[in-house]
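Trainee: starting from these lines, generate the structure:
(one chain, ligands or ions: 1)
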Amino acid sequence: MMEEKQGSVAEIIFHNQENGYTIAVFETEEEQFTAVGSLPSCHKGSSYILRGQWKIHPTYGEQFAVSGFEEVMPSTEDGIQEFLASGVLKGIGKKTAAAIVAKFGSETFEIIEKQPQKLTEIDGIGDKKAEAVAEAFRSHREFARITLYLQQFGINADYAMKLYRVYGSDTITAVEENPYRLAEDIFGIGFKKADKIAEKMGIARDDEHRIKSGVKFTLWYFAGEGNTFLPQTVLCEKAGGLLEVESDKINDCLVEMAFQGDVHIENLENRNVVFLMTYYLAEQNVCKCLAAINSAGLKAIGSDLDSLIAVTETESGIALSENQKYAVKTSLNQGISVITGGPGTGKTTIINSIIKILQHSGLKTAIAAPTGRAAKRITETSGYEASTIHRLLEYYYSEGEDTMRFGKTAEDPLDYDAVIIDEASMIDLMLMNGLVSAIKPATRLILVGDADQLPSVGAGNVLRDIINSEYIYCVKLTEIFRQAKESLIVVNAHKINRGEYPDCNEKGKDFFMMRQKSEKDMLNLIKDLCIRRLPAYYTQIMPVRDIQILTPVRKGLLGSINLNRELQDVFNPPCPELEERKAGDRIFREHDKVMQIKNNYQLKWRNQEDFTEGEGVFNGDVGFINSIDREFNEVVVVFDECKYVTYDFSQLDELELAYAVTVHKSQGSEFPIVIMPMSWFPPVLATRNLLYTGVTRGKHAVVLVGSENKMHAMVDNNRITQRYSGLSVRLKALLSF
Ligand SMILES: Nc1ncnc2c1ncn2[C@@H]1O[C@H](COP(=O)(O)OP(=O)(O)OP(=O)(O)O)[C@@H](O)[C@H]1O
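Mentor: Predicted coordinates:
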């Protein structure tokens, strides 16, 4: 039940300057209690009217959870003095506060706000300090007024602070003029939240700002699903459903948005399509750059290629097949080339050969991959130092723009004669745009990957679009080499890819199917495999680190959320020695295996082995919780066994438990042992493509648990989710030039 309390802060137990989260002891005339919630610029002695309700904390008992508040300015001289000395106004200590109140009494606030020059009558306060005190007081009052105003629209103090940081003293005007602006300007406020605020403000359903914001939200939402544009009819239908307005109104707004440069409308393959401007510009630029790189003259390779290939064959002891030789030659003779093939078809072998030839010819070469895990793997398998594409492009976080930028650009391009990118199927349109912008013509760009893997998480279908366009030379590798043939994982992956059912349970092999009928039995078997059966057979493994459960879905008994809950219980159960922290409906415990689920370019890490430091933790990075500190509200996670990253409790939404992850999230990673449940999953997800991607993540063993029929159904389901992307069409158009 909601209650209201008026009191003052007797003691601050915790206060986070960044988001205002506070735990404080409050005093009213009758009682003392602990209040918890967002109370920005809260100080000892501040008085408030608090709104909220009583909650029981399992460790700390009864607490008042604050949902709204109003600061009450003190009226007595003692109260004013305590306020001034509380630290709210920097530079005023106890002595100065006492002197000010002794001189101006109950008019103190009035003087500070309106006639600050009078403060110079006090010893130790000059003109500059007087103005600074006045400024701090005004902004404190202004923020209190803004917070109070925003509360009526359901905007809590945490968001009020974010708004105030962006709009400053114009916050109220900004919200009143167009609450939908918040969806674009404030991280954490999306269209739906902005729409709720607008509804409380009485803004009409067919208001122009509302429709434009809903259109952008729809385009962003579908970009999140992989699409760089939407056909106009689809956009009108989807945005119309969201906004509950007619298509005509949306079409009218679209025209205006196109004039304002928010969206781009064009006719692509005989239908009108709508792009968010950023994606349109990126697609255009990728085409332009690919055309420039493809047609530029190249620095010559040292001597004739056949003899150079022969040298690398002698060095490696591997005689390349004709197709492999063709791939090597193509990539060295063309501005851009693509080498694609499934597992064990010799991609790494070819990369090694290409690098050697480039080195023999004195050509400077860079090798990179879209993720840190993939880069690490290249370094391990090839012996050449590979980096992430982000690092190659010298990414940094631009404070002013509040976004990530690349240091390497068209103006300051990469200084290499060749750039080799592995795992190219994971590159999305925006990353490709960054990459090709920074590659100067006359550099060879060699894209290596498996086009049959799931496409990139981000928008675009870059590798497949490039291959389908036929604008760029592409070599397809199909032969599986002897050594790779010994692995049933490799052989079965190719079978799955061809639409054939995999062979299971050959003795002494690495690919197994363990049949179970009910989902509950599958779950129990997965747990048993993890804690008992697999560690007993593969005695070298560390189960939590080396066994990875991959599932198509997040929800349901066999979805990643529930699997994580169940596996946390067996791998890392509650224990009095282990600290834990609840975040939403998840519990994080010391030693838990966790995954970062968004790119954070600002998060700092420290390498405890070589004491280097840096910034940036990426979507898909897996680590372990080293410690949880309740006093400082911090969780320390170790990535790659040596990189320590500190998360504030308020950042825990960037982490998820990672005993089980979705196949989509596992792209680019390899795990010693992979377990995949084979149950009924929605057909849009349970595809051949997804099974293939999951199976190819396993290095030493793949165990499928569940129904063979369901596994067969996945192999039969050759549906490839259609992504709207214009890159292929644009590249095709270049063929006629
Ligand atoms: N021409 C060849 N003759 C004999 N063996 C070869 C040849 N090319 C590659 N191999 C061998 O085949 C195996 C797979 O090759 P490689 O690792 O290069 O493939 P890959 O496509 O990179 O595989 P993955 O995608 O699984 O990493 C390796 O053991 C490699 O030594």
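
Trainee: use CA for all of it now, contacts and neighbours both
Mentor: Fine.

Trainee: residue contacts, whichever residue of the stretch 601-737 of the chain sits closest to the ligand?
Mentor: Closest approach of the stretch 601-737 of the chain to the ligand (Cα to the nearest ligand atom) occurs at residue 696, with a separation of 7.5 Å. By Cα atoms under 8 Å, 6 or more residues apart in numbering, the contact set of residue 696 is 343, 489, 490, 493, 670.

Trainee: the ligand contacts on the protein?
Mentor: 318-321, 342-349, 481, 483-484 (Cα under 6 Å from any ligand atom).

Trainee: residue 158 contacts residue 20, doesn't it?
Mentor: Yes. Look at residue 158 against residue 20 with Cα atoms under 8 Å: they come within range, at 6.4 Å.

Trainee: mind listing the shared neighbours of those two?
Mentor: Any residue near both residue 158 and residue 20 by Cα under 8 Å, 6+ apart counts here, and that gives 38, 40.

Trainee: just to revisit the earlier point, check the contacts of residue 696 and tell me the two furthest apart.
Mentor: Greatest spatial distance in these: 493 and 670, 14.1 Å, computed using Cα to Cα.

Trainee: any idea how many residues pack against the residue in the stretch 301-450 of the chain positioned nearest to the ligand?
Mentor: Residue nearest to the ligand within the stretch 301-450 of the chain: residue 346 (3.1 Å; Cα to the nearest ligand atom). Residues near residue 346, counting by other Cα atoms under 10 Å, number 21.

Trainee: related to what we said a few turns ago, who wins for most neighbours among the contacts of residue 696?
Mentor: Among the contacts of residue 696, the one with the most neighbours (other Cα under 10 Å) is residue 489, at 29 neighbours.

Trainee: per-residue confidence at that residue?
Mentor: Per-residue pLDDT puts residue 489 at 95.

Trainee: also residue 152?
Mentor: 82.

Trainee: offset the numbering so it begins at 109, please.
Mentor: Will do, 109 is the new start, and the previous item becomes residue 260.

Trainee: and it, how far is that from residue 654?
Mentor: Distance, residue 260 to residue 654, by Cα to Cα, to the nearest Å: 51 Å.

Trainee: counting neighbours, go ahead and name the busier of these two.
Mentor: Comparing residue 260 with residue 654 by other Cα under 10 Å, the one with more neighbours is residue 654, at 17 against 13.

Trainee: surely that one is in contact with residue 780?
Mentor: Yes. Here residue 654 lies in contact with residue 780, judged by Cα under 8 Å, at a distance of 5.4 Å.

Trainee: coming back round to it: for the residue of the stretch 409-558 of the chain closest to the ligand, what are its contacts?
Mentor: For residue 454, the contact set (Cα under 8 Å, 6+ apart) comprises 432, 585, 588, 589.

Trainee: give me the element residue 338 is part of.
Mentor: Assigned by DSSP states H and E, residue 338 falls within strand 337-339.

Trainee: what stretches of the protein score poorly on pLDDT?
Mentor: Within the chain, the stretches with pLDDT under 70 are 125-127, 845.

Trainee: tell me where the longest helix sits in it.
Mentor: helix 235-259 (DSSP state H).

Trainee: neighbouring contacts of the helix or strand that that one is followed by?
Mentor: On the C-terminal side of helix 235-259, the nearest following helix or strand under DSSP H and E is helix 265-275. Contacts with helix 265-275, where a contact means Cα under 8 Å, 6+ apart, come from 127-129, 146-148, 176, 251, 254-255, 258-259, 279, 282, 290, 293-294.

Trainee: rerun that using 7 Å as the cut-off
Mentor: Applying Cα atoms under 7 Å, 6 or more residues apart in numbering, the contact partners of helix 265-275 are 127, 128, 146, 147, 148, 255, 258, 279, 294.

Trainee: and the gap between the residue nearest to the third one when sequence neighbours are not counted and residue 716?
Mentor: In other words, residue 146. The shortest distance from residue 146 to any non-neighbouring residue, by Cα to Cα, 6 or more residues apart in numbering, is to residue 129 (4.3 Å). To residue 716, residue 129 is 31 Å away according to Cα to Cα.

Trainee: likewise for residue 731?
Mentor: From residue 731 over to residue 716 the distance is 14 Å, taken as Cα to Cα.

Trainee: higher neighbour count, the two?
Mentor: residue 731 (26 against 13).

Trainee: so that one touches residue 701, yeah?
Mentor: Yes. Here residue 731 reaches residue 701: they are 5.9 Å apart, a contact under Cα atoms under 7 Å.

Trainee: mind checking the SS state of the residue nearest the centre of the chain?
Mentor: The residue lying closest to the centre of the chain (Cα atoms, centre = their mean) is residue 706, at 1.7 Å. Secondary structure for residue 706, judged by DSSP: H, G, I helix; E, B strand; the rest coil, is coil.

Trainee: who touches the nearest residue to it once chain neighbours are set aside in this structure?
Mentor: Excluding the flanking residues, the one nearest residue 706 by Cα to Cα, 6+ apart is residue 727, at 4.2 Å. Counting by Cα under 7 Å, 6+ apart, residue 727 touches 704, 705, 706, 707.

Trainee: so which of those is the most crowded?
Mentor: That'd be residue 704 among those, by other Cα under 10 Å, with 22 neighbours.

Trainee: relative to the ligand, how far out is residue 310?
Mentor: Distance of residue 310 to the ligand, computed by Cα to the nearest ligand atom, to the nearest Å: 57 Å.

Trainee: burial of that residue, as a residue count?
Mentor: Residue 310: 9 surrounding residues under other Cα under 10 Å.

Trainee: residue 363 now?
Mentor: Residue 363 has 14 neighbours, counted by other Cα under 10 Å.

Trainee: so which strand or helix has it?
Mentor: With DSSP H and E as criterion, residue 363 is part of helix 355-368.

Trainee: swap in residue 279?
Mentor: Applying DSSP H and E, one finds residue 279 within helix 279-285.

Trainee: picking up where we left off before, need the three-state assignment for the residue nearest to residue 706.
Mentor: Assigned by three-state DSSP, the conformation of residue 727 is coil.

Trainee: which residue ranges form the helices in the stretch 309-458 of the chain?
Mentor: Here the stretch 309-458 of the chain has its helices, by DSSP state H, counting those that start in this stretch, at 316-332, 340-351, 355-368, 385-403, 413-424, 430-441, 455-468.

Trainee: run a quick neighbour tally on residue 239.
Mentor: For residue 239, using other Cα under 10 Å, the count is 19.

Trainee: nothing else from me, thank you.
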